[in-house]
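Engineer: Fold the stuff below for me.
(one chain, ligands or ions: 1)
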Amino acid sequence: MIFLTVPFAEKDQAKALGARWNAAQKKWYVPDGANSALFEKWHPQAAASSASSAGKSVMKGASMMEVGLTITGEKYLALDHDCIPWEPCAHCDEAIARHKASFAGK
Ligand SMILES: [Zn+2]
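Structural biologist: Numbering: from 1, shown residues only. As a prediction, the model looks like this:
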């Protein structure tokens, strides 16, 4: 049995792919006979390697740097949105675009 590291926000996605909840372990797992490759991004090793290189807040900061925003000072943009920092998010992309536009004329 392969246990998965599934963020709360992705539990419905994991469930839709066929992951099962183990109440005793309080963990999602890949049931026997299921294609474990479908669940690769939640395999504990995959989660551990991405978590060790950078925390969530660091990754959010990094993605903001990529779009040319500073993370301190007057151009600081707080993305007050309950989404997954490293996944594309239409809501946040729009907020960033609007924020950048507000500084474009200066
Ligand atoms: Zn968002």
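
Engineer: Model confidence for Ala78, exactly?
Structural biologist: Looking at Ala78, its pLDDT is 72.

Engineer: please renumber so the chain begins at 43
Structural biologist: Okay, using 43 as the starting number, the last item reads as Ala120.

Engineer: Would you verify that it is located in a helix?
Structural biologist: No. Secondary structure of Ala120 (DSSP: H, G, I helix; E, B strand; the rest coil): coil, not part of a helix.

Engineer: Give me the number of neighbouring residues for it.
Structural biologist: For Ala120, the count of nearby residues is 8 (other CB atoms under 10 Å). The C-beta positions use only the backbone N, C-alpha and C, and glycine is treated the same way.

Engineer: Now Tyr125: which helix or strand?
Structural biologist: For the record, residue 125 is Cys, not Tyr. In the assignment (DSSP states H and E), Cys125 maps to no helix and no strand.

Engineer: Give me the buried stretch members for stretch 60-69, please.
Structural biologist: 61-62, 69 (16 or more other CB atoms under 10 Å).

Engineer: Tell me the spatial nearest neighbour of Leu119, not counting adjacent residues.
Structural biologist: His141 (4.6 Å; CB to CB, 6 or more residues apart in numbering).

Engineer: in the chain, which segments are predicted with low confidence?
Structural biologist: Counting by pLDDT under 70, the chain shows low-confidence ranges at 88-118, 127, 147-148.
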